[in-house]
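**Q** Here is the input, now give the coordinates:
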Amino acid sequence: MLSGTNRKLILEDGSVYEGYAFGASGEKIVEIVFNTSLVGYQEILSDPSYTDQGVVMTYPLIGNYGMADDDYETETPTIGALIVREYCGEPSNFRSTRTLGDVMTQYGIVGLGGVDTRSLTRHIRNFGSCKGWITDLDTPTDATLLRLRAAELPRDSVSRVSRRQTVRYAGENAAYHVVAVDCGMKQNIVRSMQRKGCDVTVVPWNTDAAAIAALHPDGVFLSNGPGDPTDVPELIETVRQLIGRFPFFGICLGHQILSLAYGAKTYKLKFGHRGGNHPVKDLDTDKLEITSQNHSYAVDMDSLSATPLRVTHINLLDNTVEGVACARDKAFGVQYHPESAPGPQDSAYLFDRFIALMKEARNDA
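**A** Below you'll find the model as predicted:
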């Protein structure tokens, strides 16, 4: 464990949280959010949806089981920073090959340990997500505040994290071909569809409708990713052109993009949903799911009335939209992450639902 006080986090309202450095050196301006998961810091660190965000981990000990080669969600992590109560630089796990701090140093991810994360989390819950600056302890706070408040967070995160080339992944005894649009896709989504018998062709976020159709998919998948869904109007238009021609399945950002393509609206939540135990009700089955979530934006419930979409899932904490569907077009999306399996494979049935829609579309052809 590291000790000492040599760094600080300055929030745009002037609040200051002191701590010690681990991971990469240097200053960083990020959006400060929190995650309530007890485990899974490697998956969080490597999830492209956290691009440009400083994630406050509410579980107090982070780094204790190290980093395993097989557990990354992307090859190049793009998270802005990691803020923890206690960082463990001596992990104990037979699968660990590196420490969390070493990986963060490699990818330029700033770490801040020794922070009163309970106080910081309560601050975010009370006042909402905000900009923060991680800097040296002796940096003048007043001068930094002026620069922090004037700074604008990037709005091109999807284009930065999406892959540049098309890649095809073979499925297990594949019967269907899925084209997956990469907006910052977690690798376990690909693995989940492979296990379900799908060949998966992953294409860049800005692949146009004609190019996607030319791949002759049985279905089109819209991935998770970072930022505001309205920042990618090109993709929204592409989806609009393909709706009704192929079955659609969207997760997280993909769910929001699908909804926008139908004419719905989205808005930013006060502090977002990030954690592994969010209760969601499936309105079709009347069952409760314990879900993994990571998003700042949500679909506006009222705006759906002017679209052919219906609400299929709701969040039981705040009644926000967690799923939509259009039976006519064989399209649906969910706000949460079924590939993360926070419970006993609670949400895996959604991949089966997608396959059933592709089978139905093939039989109708």
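
**Q** rest of the way, CA atoms for contacts and neighbours
**A** Will do.

**Q** all helices of the stretch 101-250 of the chain, in order?
**A** For the stretch 101-250 of the chain, the helices defined by DSSP state H, counting those that start in this stretch cover 117-127, 141-150, 157-161, 187-195, 209-214, 233-242.

**Q** Tell me the helices and strands packed up against the fourth one.
**A** With contacts taken as 3 or more Cα pairs under 8 Å, 6 or more residues apart in numbering; DSSP states H and E, helix 187-195 sits against strand 198-204.

**Q** by how many degrees do the strand it packs on and helix 187-195 diverge?
**A** Put simply, strand 198-204 runs at 150 degrees to helix 187-195, going by axes from the mean of the first three to the mean of the last three Cα atoms, to 10 degrees.

**Q** what's the model's confidence in strand 198-204, averaged?
**A** The pLDDT scores in strand 198-204 average 98.

**Q** Contacts for it next, please.
**A** Outside strand 198-204, the residues within contact range by Cα atoms under 8 Å, 6 or more residues apart in numbering are 162-183, 190, 193-194.

**Q** what do you get for stretch 354-365?
**A** 176, 218-219, 246-249, 330.

**Q** before we move on, the earlier item: kindly reformat the helices of the stretch 101-250 of the chain as CSV containing mean neighbour count and distance to residue 356.
**A** Listed next are these as CSV, based on neighbours: other Cα atoms under 10 Å; distance: least, Cα to Cα, whole Å:
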stretch, mean neighbour count, distance to residue 356
helix 117-127, 16, 40
helix 141-150, 14, 49
helix 157-161, 21, 29
helix 187-195, 19, 13
helix 209-214, 13, 20
helix 233-242, 18, 19
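
**Q** and these as CSV, adding distance to residue 34 and mean pLDDT?
**A** As requested, the helices of the stretch 101-250 of the chain are arranged in CSV below (distance: least, Cα to Cα, whole Å; pLDDT from 0 to 100):
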stretch, distance to residue 34, mean pLDDT
helix 117-127, 6, 98
helix 141-150, 20, 93
helix 157-161, 19, 96
helix 187-195, 22, 92
helix 209-214, 36, 98
helix 233-242, 28, 98
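
**Q** just to revisit the earlier point, which of the contacts of stretch 354-365 sits closest to residue 43?
**A** Nearest to residue 43 out of the contacts of stretch 354-365 is residue 249 (Cα to Cα; 22.3 Å).

**Q** Measure how buried the closest one is and give me the count.
**A** Neighbours of residue 249 under the rule other Cα atoms under 10 Å: 26.

**Q** Hmm, it is touching residue 331, no?
**A** Yes - with contact defined as Cα atoms under 8 Å, residue 249 reaches residue 331; the gap is 6.0 Å.

**Q** Quick check: residue 6 vs residue 331, distance?
**A** 51 Å (Cα to Cα, to the nearest Å).

**Q** Buried subset of the contacts of strand 198-204 as a PyMOL selection?
**A** Filtering the contacts of strand 198-204 down to the buried ones (16 or more other Cα atoms under 10 Å) takes a single PyMOL command:
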select buried, resi 162+163+169+170+171+176+177+178+179+180+181+182+183+190+193+194
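
**Q** Can you lay out the helices of the stretch 101-250 of the chain as CSV showing distance to residue 66?
**A** Converted to CSV, these look like this (distance: least, Cα to Cα, whole Å):
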stretch, distance to residue 66
helix 117-127, 21
helix 141-150, 33
helix 157-161, 24
helix 187-195, 19
helix 209-214, 39
helix 233-242, 37
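
**Q** if we can go back for a sec, of the contacts of stretch 354-365, closest to residue 340?
**A** If you rank those by distance to residue 340 using Cα to Cα, residue 249 comes first, at 16.1 Å.

**Q** quick one: contacts for that closest one?
**A** Contacts for residue 249 (Cα under 8 Å, 6+ apart) come out as 219-222, 255, 331-333, 354.

**Q** Show me the longest strand that occurs in the chain.
**A** The longest strand of the chain (DSSP state E) is strand 266-282.

**Q** quick one: it to helix 117-127, angle?
**A** 110 degrees.

**Q** Find the nearest non-adjacent residue to the most centrally placed residue in the chain, please.
**A** Centroid-nearest residue in the chain: residue 49, 3.4 Å away (criterion: Cα atoms, centre = their mean). Using Cα to Cα, 6 or more residues apart in numbering and skipping the chain neighbours, the partner closest in space to residue 49 is residue 226 (3.9 Å).

**Q** Quick check on that neighbour: phi, psi?
**A** Per-residue torsions, residue 226: phi -90, psi 160 (degrees, to the nearest 10).

**Q** neighbours around it, how many?
**A** Look at residue 226: counted by other Cα under 10 Å, it has 29 neighbours.

**Q** likewise the one 5 residues further on?
**A** Residue 231 sits with 14 neighbouring residues when counted by other Cα under 10 Å.

**Q** and what of residue 53?
**A** Residues lying near residue 53 (other Cα under 10 Å) number 25.

**Q** correct me, but it touches residue 33?
**A** Yes - using Cα under 8 Å, residue 53 makes contact with residue 33 at a distance of 6.9 Å.

**Q** With pLDDT and distance to residue 207 as extra columns, can I get the contacts of stretch 354-365 in TSV?
**A** Formatted as TSV, these follow (pLDDT from 0 to 100; distance: Cα to Cα, whole Å):
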residue	pLDDT	distance to residue 207
176	97	20
218	98	17
219	98	15
246	98	16
247	98	17
248	98	16
249	98	17
330	98	21
